[in-house]
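>>> mind folding the following:
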Amino acid sequence: MPKSRVEAFTDAVIAIIMTLLVLEIHQPAGAEFKDLLAVSHKFVIYVVSFVFLAIYWNSHHHLFHLVTKVNGRVLWANNFFIFSLSLFPFATAWVSDHFLNLVPQVTYGAVFFLANVAYYTLYKALSSAHQNEESFQNYKKDLQKMYLSIFGMLFGILLGFLINPLLIFVVIVLILLLWLIPDRHTENLF
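As a prediction, the model looks like this:
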């Protein structure tokens, strides 16, 4: 199967997911600045989710730039990745409505964790399919951020349980900042 079909399908699904995110932002109850401030946390959560989806899309694009072949294992790993991203609108809406509560915060963190694991699974499937290709193997050097994201999210969820649910969101934002710093090695591959 040509990789272009996988890329086009993934692009379309991520675009739909990003669109669904914004539909959960409802207008303020009134027409005053205080009414806008009352829902400002919802906008911040939306921005965090949107930026993470954009990072996942960029990472997927970079990864598939190196791909020369796609097999069944890659297709299923990509579907798992898309599934994990499709949970973002639900988790974003729930945590937006119940920002201070543990279960919505844990769910939001769990979706981030699942997306990181799914992306890692996709990477491993592609790595296995491209064992003998040097350009793809050089991408392995960029796994540090992925490992930090996976274990950081687990740590954030643990902190949420033990100390305060808001720490989950704080860890998510810290991981987001980590991914916003471009990796020179990755940029040089393209």
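>>> measure how buried Arg5 is and give me the count.
Neighbour count of Arg5, defined by other C-beta atoms under 10 Å: 11. Glycine gets a C-beta too; all of them are placed from N, C-alpha and C.
>>> no, scratch that, I was asking about Lys124
Neighbourhood size, Lys124 [other C-beta under 10 Å]: 14.
>>> using the three-state scheme, assign it.
Secondary structure, DSSP: H, G, I helix; E, B strand; the rest coil: Lys124 is helix.
>>> do I have it right that it meets Ala77?
Yes - contact criterion C-beta atoms under 8 Å: Lys124 and Ala77 qualify, at 7.5 Å.
>>> please spell out which residues along whichever strand or helix holds His41 are buried.
Secondary structure from DSSP states H and E places His41 in helix 40-65. Under the neighbour-count criterion of 16 or more other C-beta atoms under 10 Å, helix 40-65 has 42, 45-46, 48-50, 52-53, 55-57, 59-60, 62-64 buried.
>>> again, but for stretch 120-128
For stretch 120-128, burial by neighbour count (16+ other C-beta under 10 Å) applies to 120-123, 125-127.
>>> okay, it in CSV with CA atoms only?
Taking C-alpha atoms only, stretch 120-128 is exported to CSV below (Å, rounded to 0.1, in the frame of the first residue of the first chain):
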residue,chain,number,x,y,z
TYR,A,120,5.6,5.2,20.1
THR,A,121,3.8,2.0,18.9
LEU,A,122,3.6,3.5,15.4
TYR,A,123,7.2,4.5,15.5
LYS,A,124,8.2,0.9,16.5
ALA,A,125,6.0,-0.6,13.7
LEU,A,126,7.7,1.7,11.1
SER,A,127,11.1,1.1,12.6
SER,A,128,10.6,-2.7,12.2
